[in-house]
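Visitor: Output the structure for:
(2 chains)
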Amino acid sequence: MTNQEKLQKIIAAYTPLDYTQIDLKRTIKDNYIASAFKDNFCHDICICWRSIDTTQLRNDMFVKLKTGDDILKILNYLVL
Amino acid sequence: MKALKITFILALTAFYSKNAFAQDFIRLGVAHDFQKSKVVQTFSFDFNRTEKVDEKKGKFLLFDKNDFYLLPTSDVNIGDGVTSSENNILFQLNLGKAFYGKKWKSKDNLTTKVWNKAIEFNPSYNSDKLFSEKLAYGQAKFLLNFISARHNGSVEPIYVKTEHSIATGLFTNIGYRYSKTYDKDNLYSTFGVLLDYKTRLLNSKNEENWVFKISGNYYFIASDVSQLTTDKFGGIIKSSIDRLAFTKTYLGISHKYGNDNPSYKYVHTLELSLKIKY
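Guide: Below is the predicted model:
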């Protein structure tokens, strides 16, 4: 399973959509994940990719990170 | 000297919270004070401050690893509307461990729910704006948080329609009080419960249309400077309703009743306000 699919599945768990419908170019706002769920969302990502800097991810998640692609960029940077 | 102290604290607040952006707002309002039965104007603005953990955990964390987190918070209310706010200064360092629950969905697949738990130990400093009542204490807290979000439909574009969040917990404060007013110090110790409830109804553009909030705490005063209060119990309850009027502008009504640290001053107000987020 690619990183992209993993991330799509994580996001899909918060929505009624099938994971193939998750567009990682779309902004992750309330329409995907209710703001109150963002802590859980970060937790899910950190569980999936252990090597990620969780402090940085969490802080970025609320300020800089807008789309799923932004998260993938971090992942690609880490994994490759 | 006092002015210097306040400036220092403001600078510290600004420094600590420069990384949180979303909470900024200006609030203009008129409040009726039942305690003194008079009408007061209120004007408040929120600095770039980090949110309190009961409001919403997250935003700016100093450290986070394996769900252990470190979160500095500060809350400075030093307006002239003494009666319409608790008017105090609070610094806390939240050292906590979060336990994130497993999400589950309703049968129609449109609602996602989760239970989260957290335990915290928070070294805290609390004083009134003139620094005549000072509290330094450790707070131990257990929080239980239920979140539920309902979506509009199962085809694109989906939107969150409603969201509920209920946080409740137990806390205990043990520390030291210095009271300049009575020139006395004493062991400060309380224990009690807290509640934080929030419902958001969103419109088709995915903006908050209505926001309902109730938050409060109720605690037993085990030990304190005896001249300050004769009450065995203390607590405050705040409720508010906000309605989106124009873009980024909310009309709101809020009610506060109770007393709070550091000086157990009673507050009972009903406020009508205009809130602009920027």
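Visitor: Low-confidence regions, the stretch 1-150 of chain B specifically.
Guide: B:1-25, B:44-62, B:75-87 (pLDDT under 70).
Visitor: Not counting sequence-adjacent ones, nearest residue to the residue in it that chain A sits nearest to?
Guide: Nearest residue of the stretch 1-150 of chain B to chain A, counting by CB to the nearest CB: residue B:149, 3.8 Å away. C-beta here means a position set from N, CA and C on the backbone, and glycine is covered the same way. Of all residues not flanking residue B:149 in the chain, residue A:34 sits nearest, at 3.8 Å (CB to CB, 6 or more residues apart in numbering or on different chains).
Visitor: quick one on the thing from earlier: the residue of the stretch 1-150 of chain B closest to chain A contacts residue B:162, correct?
Guide: Yes. The criterion here is CB atoms under 8 Å, and residue B:149 meets it with residue B:162 at 7.3 Å.
Visitor: Mind checking which of these two has more residues around it?
Guide: residue B:149 (25 against 17; other CB atoms under 10 Å in any protein chain shown).
Visitor: Distance of that one relative to residue B:158?
Guide: Counting by CB to CB, to the nearest Å, the separation of residue B:149 from residue B:158 is 11 Å.
Visitor: With residue A:15 instead?
Guide: For residue A:15 relative to residue B:158 (CB to CB), the value is 6 Å.
Visitor: Find residues that contact each of the two.
Guide: Counting by CB atoms under 8 Å, 6 or more residues apart in numbering or on different chains, the contacts common to residue A:15 and residue B:158 are A:32, B:151.
Visitor: Where does residue B:262 sit: helix, strand or coil?
Guide: Three-state call for residue B:262 (DSSP: H, G, I helix; E, B strand; the rest coil): coil.
Visitor: so the residue nearest to residue B:149 touches residue B:147, yeah?
Guide: Yes. With contact defined as CB under 8 Å, residue A:34 and residue B:147 form a contacting pair (7.4 Å).
Visitor: So which of these two has more stuff around it?
Guide: residue A:34 (27 against 23).
Visitor: The more buried one: what's it in contact with?
Guide: With CB under 8 Å, 6+ apart, residue A:34 has these contacts: A:14, B:112, B:147, B:149, B:160, B:163.
Visitor: Can you classify the first one as helix, strand or coil?
Guide: With three-state DSSP as the basis, residue A:14 sits in coil.
Visitor: Just the element for the nearest residue to it once chain neighbours are set aside, please.
Guide: Nearest residue to residue A:14 in three dimensions, chain neighbours excluded: residue A:33, at 4.6 Å (CB to CB, 6+ apart). Residue A:33 belongs to no helix or strand when assigned by DSSP states H and E.
Visitor: Tell me which stretches of the stretch 51-200 of chain B form helices.
Guide: Counting by DSSP state H, counting those that start in this stretch, one finds no helices in the stretch 51-200 of chain B.
Visitor: what are the C-alpha coordinates of stretch B:250-265, in PDB please?
Guide: Extracted in PDB, the C-alpha atoms of stretch B:250-265 (Å, rounded to 0.1, in the frame of the first residue of the first chain):
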ATOM      1  CA  TYR B 250     -21.100  37.100  15.100                       C
ATOM      2  CA  LEU B 251     -23.900  38.300  17.200                       C
ATOM      3  CA  GLY B 252     -23.800  36.800  20.600                       C
ATOM      4  CA  ILE B 253     -25.500  36.600  24.000                       C
ATOM      5  CA  SER B 254     -23.700  35.200  27.000                       C
ATOM      6  CA  HIS B 255     -24.400  34.700  30.700                       C
ATOM      7  CA  LYS B 256     -22.000  34.300  33.500                       C
ATOM      8  CA  TYR B 257     -22.700  33.300  37.100                       C
ATOM      9  CA  GLY B 258     -20.500  32.300  39.900                       C
ATOM     10  CA  ASN B 259     -17.100  33.200  41.300                       C
ATOM     11  CA  ASP B 260     -13.600  32.300  40.400                       C
ATOM     12  CA  ASN B 261     -10.000  32.500  41.500                       C
ATOM     13  CA  PRO B 262      -8.100  34.200  42.800                       C
ATOM     14  CA  SER B 263     -10.400  36.400  44.900                       C
ATOM     15  CA  TYR B 264     -13.700  34.600  44.900                       C
ATOM     16  CA  LYS B 265     -15.400  37.700  43.500                       C
END
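Visitor: Pretty sure residue A:19 sits against residue A:8.
Guide: Yes. With contact defined as CB under 8 Å, residue A:19 counts as touching residue A:8 (4.4 Å).
Visitor: Give me the more crowded residue out of these two.
Guide: In terms of neighbours (other CB under 10 Å), residue A:8 is the more surrounded of residue A:19 and residue A:8; the figures are 21 against 15.
Visitor: Could you tell me the backbone phi and psi angles at residue A:5?
Guide: The phi/psi pair for residue A:5 (degrees, to the nearest 10) reads phi -60, psi -40.
Visitor: for residue B:37, same thing?
Guide: phi 40, psi 70.
Visitor: which residue sits closest to residue B:116, ignoring its sequence neighbours?
Guide: Leaving aside its sequence neighbours, residue B:116 sits nearest to residue B:145 (CB to CB, 6+ apart; 4.4 Å).
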